[in-house]
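1. Fold the following for me, if possible:
(one chain, ligands or ions: 1)
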Amino acid sequence: MTGAGPGPVADGALRVVLLGRQGSGKGTQADRLASLYGVAHVSTGDAFRAAVKSGSSLGRTAQAYMERGELVPDEVVVAVIREHVFGPASPPGFVLDGFPRNLAQAEALEDMAAPRGIDVCIDLEASVDEVLRRLSSRRVCSSCGATYNLVSSPPKVPGRCDVCGGTLYQRDDDTEEAIRRRLEIYEAETAPLIAWYRERGLLASVDGTGSADEVTARVVSAVEAHRARPGPGAG
Ligand code: AMP
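-> Numbering: from 1, shown residues only. Predicted structure coming up:
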């Protein structure tokens with residue numbers, strides 16, 4: 001499906017970080033990469049939304065930050081990643097979607113992932129205009145978390161999830177005000193990680209426009225190119 005070069009090897013060992021603005025398609029591509037390579041899709045945003053829904057103490061801590069479009073404190077997020085991704089029973093591979101979000105989190109990840117490190121950091125590129133268009137028409141399944149776009153990938157039955165039949169809703173933080181705040185934080189805190197990963201030879205920038213299949217083909221090519229290289233992240 002990549003068009004050229006070797007295809008994915010589902011050996012369960014791939015370690016990827018996905019960067020990109022909100023609405024750049026990280027969730028969709030992370031899901032696809034995780035199933036192609038047989039690794040876990042870890043979304044800190046999904047983990048927090050599930051915690052809010054369950055009313056746990058983690059959820060109560062995260063909720064106020066999320067509603068304002070602010071970042072949940074680093075120590076809370078890092079503890080979630082440490083437990084779920086680097087716990088004693090955690091599998092070796094992962095696709096991280098929404099973590100790290102700032103330099104402190106990137107450094108914490110570098111420590112936790114040592115000595116093997118990660119294979120590649122994919123920066124999914126989509127302009128502010130493009131993501132604003134996508135976010136305002138984004139809908140999410142309240143049961144399984146599948147995402148839809150009312151314009152480019154609508155559900156077959158309006159308001160219902162194609163996968164599980166759950167009800168679709170608009171995220172509380174997909175309001176204009178919260179979107180603006182989240183994009184500001186992305187530019188100020190997360191975008192500098194692009195240079196940080198580039199300096200480490202781990203960055204691959206991928207055009208996030210076009211169909212989901214086209215973007216997946218580009219992402220897989222970038223992953224394969226990095227995996228083929230010798231170096232600390234090449235396993
Ligand atoms: P997302 O679904 O990735 O857009 O995340 C939704 C919200 O969860 C964010 O706006 C933050 O409030 C919170 N969140 C998710 N990941 C992180 C993270 N790595 N660091 C801090 N807050 C996060």
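2. can we go C-alpha only for contacts and neighbour counts from here?
-> Fine.
3. Run through the chain and note the low-pLDDT ranges.
-> In the predicted model of the chain, residues 1-6, 231-235 satisfy pLDDT under 70.
4. so which helix or strand takes in the most far-flung residue of the chain relative to its centre?
-> Distance from the centre of the chain peaks at Val157, with 26.6 Å (CA atoms, centre = their mean). When elements are assigned from DSSP states H and E, Val157 belongs to no helix and no strand.
5. biggest helix in the protein, by residue count?
-> helix 212-227 (DSSP state H).
6. Give me the buried positions along that helix.
-> By neighbour count with 16 or more other CA atoms under 10 Å, helix 212-227 contains the buried residues Val215, Thr216, Ala217, Arg218, Val219, Val220, Ser221, Ala222, Val223, Glu224, His226, Arg227.
7. Also stretch 26-46?
-> 26-34, 36-45.
8. Tell me how far the most centrally placed residue in the chain lies from Leu150.
-> Residue closest to the average C-alpha location in the chain (CA atoms, centre = their mean): Asp97, at 2.0 Å. As judged by CA to CA, to the nearest Å, Asp97 and Leu150 stand 22 Å apart.
9. again with Ala64
-> Taking CA to CA, one finds Ala64 at 28 Å from Leu150.
10. wait, Arg49 sits on Gly59?
-> Yes - with contact defined as CA atoms under 8 Å, Arg49 reaches Gly59; the gap is 7.3 Å.
11. The buried residues of stretch 26-46: which ones sit near the ligand?
-> Restricting the buried residues of stretch 26-46 to those touching the ligand (CA under 6 Å from any ligand atom) yields Thr44, Gly45.
12. Which of the buried residues of stretch 26-46 fall within strands?
-> Those of those mapping onto strands are Ala40, His41, Val42, Ser43, per DSSP state E.
13. ok, the first one - contacts?
-> Same thing as Ala40. Ala34, Pro91, Gly93, Phe94, Val95 (CA atoms under 8 Å, 6 or more residues apart in numbering).
14. The second one - how many residues pack around it?
-> In this case it means Pro91. 14 (other CA atoms under 10 Å).
15. Let me know the distance separating it from Gly69.
-> The value you get for Pro91 to Gly69, if CA to CA is used, is 31 Å.
16. what does the fourth one give?
-> With distances taken as CA to CA, Phe94 is found 25 Å from Gly69.
17. The third one too?
-> As defined by CA to CA, Gly93 lies at a distance of 29 Å from Gly69.
18. now swap in the last one and tell me
-> Counting by CA to CA, the gap from Val95 to Gly69 is 23 Å.
19. who has more neighbours, the two?
-> Applying other CA under 10 Å to Val95 and Gly69 shows that Val95 carries more neighbours, namely 28 against 22.
20. Does that one fall in a helix, a strand, or a coil region?
-> strand (DSSP: H, G, I helix; E, B strand; the rest coil).
21. now do the same end-to-end measure for stretch 48-65.
-> Start-to-end, stretch 48-65 (CA to CA) is 10 Å.
22. ok, now stretch 162-172?
-> Counting by CA to CA, the terminal residues of stretch 162-172 are separated by 22 Å.
23. Report the distance from that stretch to the chain centre.
-> Centroid separation between stretch 162-172 and its chain, computed with CA atoms, centre = their mean, to the nearest Å, is 19 Å.
24. So that stretch, near the ligand or not?
-> No - Stretch 162-172 stays clear of the ligand (CA under 6 Å from any ligand atom), getting no nearer than 9.2 Å.
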